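3D, please:
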Amino acid sequence: MLLALTSGSLGRHYIAMFESTQNVMLKPTETWREALLDTRIMDLFFTVHRKIREDSDMAQDSLQCLAQLASMHGPIFPDESAQVSYLAHLVEGLLSMINGIEIEDSEAVGISNIISNLISTFPRSILTALPSELFTSFINCLTILTCSFGRSAALEEVLDKDDMVYMEAYDKLLESWLTLVQDDEHFPRGCFVQPAIQVFNSYIQCHLAAPDGTRNLTANGVASHEEDEINELQEDDRELFSDQLASISMLGRIAANHCIPLLTSLLEERVTRLHGQLQRTQQHLMNSSDPGSVDRKVLDDLYEDIHWLILVSGYLLADDPQGETALIPAEVMEYSINHSTEVDINTTLQILGSPGEKASSIPGCNRTDSVIRLLSAVLRTSEVESRATRASLTELLSPQMGKDIVWFLRRWAKTYLLVDEKLYGQISIPLSTAFGADTEGAQWIVGYLLEKVINNLSVWSSEPELANDTVELLVCLVEKRERANIVVQCENWWNLAKQFATRSPPLDLLSSSVQRTLMKALVLGGFAHMDSDTKLQYWTEVLHPLQQRFLNLINQENFPQICQEENVKREIVATLEALCGIAEATQIDNVSSLFSFLMDFLSSCIGLMEVYRNTPETVNLIIEVFVEVAHKQICYLGESKSMKLYEVCLTLLQVYSKNNLGRKRADVAAEEDQYQDLLLIMELLTNLLSKEFIDFSDTGVDDDVFRGQEQSSGATGRSVSAADVVLFGVNIILPLMSQDLLKFPSLCNQYYKLITFICEIFPEKIPQLPEELFKSLMYSLELGMTSMSSEVSQLCLEALSPLAEQCAKTHEKDTPLFIATRHFLKLVFDMLVLQRHNTEITVAAGEAFYTLVCLHQAEYQELVESLLATQRDAVVYQRLADAFNKLTASSTPPSMDRKQKVAFLKSLEEFVSSVGGLLCVK
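Prediction:
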């Protein structure tokens with residue numbers, strides 16, 4: 001309705017946007033000030049909604065209009081006081097609407113969109129300028145709504161509804177809370193604590209079984225038992241609900257005084273019950289000959305409770321910033337510091353170091369640090385699990401709980417173990433005493449975690465996901481040198497290394513991916529601080545057996561005859577997985593050693609390509625070794641080492657090309673196989689190209705070390721560059737890229753990422769491609785722009801600018817590339833002016849459009865004149881003519897100048913808003 005009222009002046013571009021998304025930000029010009037700032041207009045929309053809310057379709061439309069009004073921003077507001085008045089009236093209308101009704105299912109998402117837009121659009125200074133009573137009423141309403149939608153979302157899950165409207169609405173409100181509390185310094189101190197407690201308590205209650213919680217209870221309070229079957233089909237909760245958990249944990253930190261002790265007591269109580277239930281079940285099994293007579297209902301409820309409590313605890317205590325130093329959250333640190341005067345350090349350490357005992361049984365347990373006590377509760381859970389495995393009760397345990405424990409311990413260890421005091425303005429004495437460098441607590445917990453890893457790999461080798469989470473914990477223990485220094489002092493570590501190196505059971509039963517990650521961990525551990533003799537001994541025990549077994553096997557005279565035997569293939573696959581693991585262990589200070597070790601293998605791997613050319617899964621794994629080496633090491637390699645890698649990669653591609661030349665695959669799965677190896681080759685080429693963007697190498701050092709070895713190679717032959725390898729690879733790939741293959745999303749994205757990289761880095765090479773390959777590449781770009789996802793379309797548009805710039809440099813008018821760019825000018829022109837497109841790609845389209853206009857100015861004028869000539873409506877004609885004149889006014893004539901380009905892009909944004917929807921072809 002709002003759109004219908006405004007379409008005359010705002011342009012149909014808004015309508016096109018509105019049809020493609022539910023949630024549109026409204027930025028009207030100041031000419032709309034008198035109409036839209038009139039409070040009666042907003043009152044009208046609230047009144048209309050109250051009248052038609054029983055009709056779910058119309059109600060959704062009216063709520064979308066209100067959501068737009070809640071997002072209004074820009075020049076329509078003359079000053080801050082106008083914004084405050086507008087927002088106050090909006091909030092009053094919203095509260096009046098919500099408080100007077102029982103919200104229908106069809107209204108939930110719309111109402112959450114209004115609140116989300118309101119919070120994300122209006123500056124904090126405007127929100128805090130609201131009358132305090134109104135702001136408090138709004139926060140109270142948001143709290144009640146969040147709790148209510150959370151309960152309804154839990155009910156939707158129990159009933160397995162297809163349309164999860166409350167879940168969507170709940171997620172939206174949690175995001176709004178996250179926006180608010182992240183800016184809490186702008187609001188009155190402590191104003192979010194009580195709301196945070198209510199939302200946190202409600203979330204926990206929805207995820208606990210009766211009688212404490214409401215999980216699996218339908219609306220009439222009856223328990224549902226269907227959930228286990230449903231959950232089998234879903235991804236892991238920690239990924240599925242990661243955004244929810246992040247928001248809830250942030251609220252938990254705001255109210256740490258309440259939430260950390262609550263989680264601790266709930267988890268301790270359930271672990272005590274679990275311990276007792278396992279003992280009773282063990283007794284029952286001893287007295288019964290029928291294992292099927294065990295009632296698992298109590299155990300399953302406890303496992304599910306523990307699952308959610310550990311997930312929330314993990315998210316609350318620590319973040320997992322990818323690639324950055326993990327810091328203890330400021331709120332958690334502050335909470336620990338504020339209570340440190342009440343804490344008995346010795347009792348805290350006693351509880352931490354006694355996971356086999358109930359915390360409540362230790363004298364003075366109430367004078368412990370609550371953050372450490374929560375960790376202790378998880379360690380207690382881990383200990384109950386370990387003791388159950390030793391008592392042969394593994395069948396009664398939950399692999400999911402095992403995954404949760406090691407996931408939590410890894411997340412915790414990254415942040416708290418060997419806490420670096422220099423990174424914090426203030427440090428909690430209990431935390432630094434328990435987990436700081438050179439503390440007994442840190443050494444004890446490293447030993448405990450290592451023992452946990454070894455126990456898990458022994459007991460849970462048949463559970464790939466649990467085994468994988470377990471080895472990821474091991475990687476965490478050794479990826480930082482300070483932690484690794486403690487790990488390698490443990491006898492268990494050396495036993496594990498020897499066991500793995502000799503392929504002893506049960507480690508030989510682990511899945512390939514787990515063995516790969518375990519190898520990565522063992523290699524990282526080898527770079528810990530050890531004296532030279534000990535280090536030599538370590539590498540002799542870990543890497544020497546791998547090398548020796550591999551060489552002994554492939555150097556056998558009859559290797560080509562026995563290569564397909566199961567035990568031989570298993571050994572080859574294990575070696576290739578280990579090589580990937582070694583490459584993954586690359587860090588800036590170990591790259592030189594690992595590169596030399598891996599290069600010895602890469603030539604042998606090319607020989608294996610010949611032997612296993614009819615075994616696609618082995619060929620794929622061989623290529624993957626090269627992919628990992630390039631991915632992890634290329635950015636650290638100096639020129640001479642890079643050249644060695646380029647040479648060996650080129651040889652690999654030549655062998656692959658020879659083996660696949662004119663090859664027909666008859667079986668049904670052949671295309672899938674081809675898809676996989678092509679994907680890997682494109683990853684390899686993309687990784688090699690990344691050297692142009694990310695280069696951490698110290699060329700001088702590299703050349704000094706290798707100059708003596710490589711002078712002869714430089715004298716005898718031409719050096720191989722990244723361009724040589726990549727363009728050879730493109731010669732292989734382009735002829736094979738059928739439209740059917742591009743239906744595979746991962747292959748499609750990788751392909752377009754690669755060709756965009758090539759156009760950006762080596763635009764001068766594109767005109768040199770053979771004619772058929774050049775045509776294939778241009779067709780691929782057109783197909784990607786017009787028929788693929790917005791992500792692919794954006795990549796193709798990004799590829800056009802460097803190609804047009806290349807044409808401008810050469811000043812050649814009749815080349816195939818010049819002719820192709822003229823065709824692309826028409827495509828981009830149509831995309832921006834005549835077709836509906838995702839607004840996210842407007843910038844990429846604009847940049848491409850500008851460079852193409854610079855190159856083909858006459859053709860651009862022809863396109864404009866041709867379009868204007870088709871207009872029969874004089875008003876539309878004049879509006880378009882004015883818009884086109886304004887578009888190029890700042891860049892006449894257009895040139896490849898950055899300042900002009902920026903001005904053009906700004907004008908283009910206004911152009912698209914003004915006329916982009918006038919001519920849209922649907």
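
which residues are contacting stretch 159-172?
By Cβ atoms under 8 Å, 6 or more residues apart in numbering, the residues outside stretch 159-172 that reach it are 105-106, 108-109, 111-113, 115-116, 146, 149-150, 152-153, 155-157, 218, 224, 226, 230, 243-244. In this view, the C-beta of every residue, glycine as well, is placed from N, C-alpha and C.

ok, 6 Å please
Asp105, Ala108, Val109, Ser112, Ser116, Phe149, Gly150, Ser152, Ala153, Glu156, Ile230 (Cβ atoms under 6 Å, 6 or more residues apart in numbering).

what do you get for stretch 675-683?
With Cβ under 6 Å, 6+ apart as the test, stretch 675-683 has contacts from Asn620, Ile623, Glu624, Val627, Leu741, Phe744, Leu747, Gln750, Tyr751, Leu754.

for the fourth one, what are its contacts?
Translated: Val627. Shown in contact with Val627 (Cβ under 6 Å, 6+ apart): Leu680, Glu683, Leu684.

in whichever strand or helix holds the first one, what counts as buried?
For Leu680, the element it lies in under DSSP states H and E is helix 670-689. Neighbour-count burial for helix 670-689 flags 674-689 (criterion: 16 or more other Cβ atoms under 10 Å).

quick one: the helices in the stretch 501-650 of the chain?
Taking DSSP state H, counting those that start in this stretch, the helices of the stretch 501-650 of the chain run over residues 512-525, 532-542, 544-554, 559-562, 566-584, 591-611, 616-633, 639-660.

closest one to Arg124 among the ones you listed?
Nearest of the helices of the stretch 501-650 of the chain to Arg124, taken as Cβ to Cβ: helix 616-633 at 41.9 Å.

got the angle for that closest one vs helix 591-611?
Counting by axes from the mean of the first three to the mean of the last three Cα atoms, to 10 degrees, helix 616-633 lies at 160 degrees to helix 591-611.

just give me the least confident of the contacts of stretch 675-683.
The lowest pLDDT within these belongs to Leu741, with 80.

so how far is Cys748 from that one?
Distance, Leu741 to Cys748, using Cβ to Cβ, to the nearest Å: 8 Å.

neighbour-wise, which of those two wins?
For Leu741 and Cys748, the more surrounded residue by other Cβ atoms under 10 Å is Cys748, and the numbers stand at 21 against 17.

neighbouring contacts of stretch 69-76?
Stretch 69-76 has contacts (Cβ under 6 Å, 6+ apart) with Met25, Leu26, Lys27, Pro28, Glu30, Trp32, Arg33, Ile114, Asn117, Leu118, Thr121.

just give me the closest of these to Glu54.
Lowest distance from Glu54 to the contacts of stretch 69-76 (Cβ to Cβ) belongs to Ile114, with 18.9 Å.

buried ones in the strand or helix carrying His284, by neighbour count?
In this structure, His284 sits in helix 256-287 according to DSSP H and E. Of the residues in helix 256-287, 256, 258-260, 262-264, 266-268, 270-271, 273-275, 277-278, 281-282, 285 count as buried by neighbour count, 16+ other Cβ under 10 Å.

also stretch 362-371?
Buried residues in stretch 362-371, counted by 16+ other Cβ under 10 Å: Cys365, Thr368, Asp369, Ser370, Val371.

JSON lines please, covering these and showing pLDDT and secondary structure.
Shown next, in JSON lines, are the buried residues of stretch 362-371 (pLDDT from 0 to 100; DSSP: H, G, I helix; E, B strand; the rest coil):
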{"residue": "Cys365", "pLDDT": "92", "secondary structure": "helix"}
{"residue": "Thr368", "pLDDT": "96", "secondary structure": "coil"}
{"residue": "Asp369", "pLDDT": "97", "secondary structure": "coil"}
{"residue": "Ser370", "pLDDT": "97", "secondary structure": "helix"}
{"residue": "Val371", "pLDDT": "98", "secondary structure": "helix"}
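
need the max-distance pair from these.
Cys365 and Val371, at 14.8 Å, using Cβ to Cβ across the buried residues of stretch 362-371.

flag the shaky bits of the stretch 301-450 of the chain, pLDDT-wise.
Residues of the stretch 301-450 of the chain meeting the criterion pLDDT under 70: none.

low-confidence ranges, this protein, go.
Within the chain, the ranges that satisfy pLDDT under 70 run 1-24, 218-234, 289-293, 662-674, 693-696, 698-718, 837-838, 890-892, 916-922.

next, the residue positioned nearest the centre of it: phi, psi?
For the chain, the residue nearest the mean C-alpha position is Gln322 (8.8 Å; Cα atoms, centre = their mean). Per-residue torsions, Gln322: phi -70, psi 120 (degrees, to the nearest 10).

again with Gln835
Torsion angles at Gln835 (phi, psi; degrees, to the nearest 10) stand at phi -120, psi 150.

for Thr325, same thing?
The phi/psi pair for Thr325 (degrees, to the nearest 10) reads phi -70, psi 130.

returning to that earlier point: out of the buried residues of stretch 362-371, the closest to Pro329 would be?
Among the buried residues of stretch 362-371, and counting by Cβ to Cβ, the member closest to Pro329 is Val371, at 10.2 Å.

check contacts around the closest one.
By Cβ under 6 Å, 6+ apart, the neighbours of Val371 are Ser336.

tell me how many other residues crowd Ser907.
By the criterion of other Cβ under 10 Å, Ser907 has 18 neighbours.

show the contacting residues for Thr214.
Taking Cβ under 6 Å, 6+ apart, we find Thr214 in contact with Gln205, Cys206.

distance of Pro893 from Glu909?
21 Å.

with Glu168 instead?
With distances taken as Cβ to Cβ, Glu168 is found 30 Å from Glu909.

repeat for Arg33
Distance of Arg33 to Glu909, computed by Cβ to Cβ: 21 Å.

before we move on, what about Asn885?
In this view, Asn885 and Glu909 are 16 Å apart by Cβ to Cβ.

the more surrounded of these two?
Between Asn885 and Glu909, counting by other Cβ under 10 Å, Glu909 is the more crowded of the two (14 against 11).

helix or strand for that one, which one?
Assigned by DSSP H and E, Glu909 belongs to helix 898-915.

that helix: how far from the chain's middle?
Its chain's C-alpha centre and that of helix 898-915 lie 33 Å apart, by Cα atoms, centre = their mean, to the nearest Å.

and stretch 421-437, by the same measure?
Centre-to-centre, stretch 421-437 and its host chain are 30 Å apart (Cα atoms, centre = their mean).

name the residues of that stretch that come out as buried.
By 16+ other Cβ under 10 Å, the buried positions in stretch 421-437 come out as Tyr424, Ile427, Ser428, Pro430, Leu431, Ser432, Thr433, Ala434, Phe435, Gly436.

what sits closest to the last one if chain neighbours are left out?
Counting by Cβ to Cβ, 6 or more residues apart in numbering, Gly436 lies nearest to Val419, which is 5.6 Å off, once chain neighbours are set aside.

could you find the closest non-adjacent residue to Asn140?
Counting by Cβ to Cβ, 6+ apart, Pro195 is the residue found nearest to Asn140 once chain neighbours are left out, at 7.4 Å.

secondary structure element for that neighbour?
helix 193-206.

quick one, that helix and helix 256-287 angle?
10 degrees.

packing partners of helix 193-206?
Here helix 193-206 touches helix 132-159, helix 242-254, going by 3 or more Cβ pairs under 6 Å, 6 or more residues apart in numbering; DSSP states H and E.

show me what contacts Gln350?
Ile362.

how close does it get to Ser265?
To Ser265, Gln350 is 19 Å away according to Cβ to Cβ.

now do Ala467
Distance, Ala467 to Ser265, by Cβ to Cβ: 32 Å.

same question for Thr347.
Distance, Thr347 to Ser265, using Cβ to Cβ: 17 Å.

and what of Ile562?
Using Cβ to Cβ, Ile562 is found at 62 Å from Ser265.
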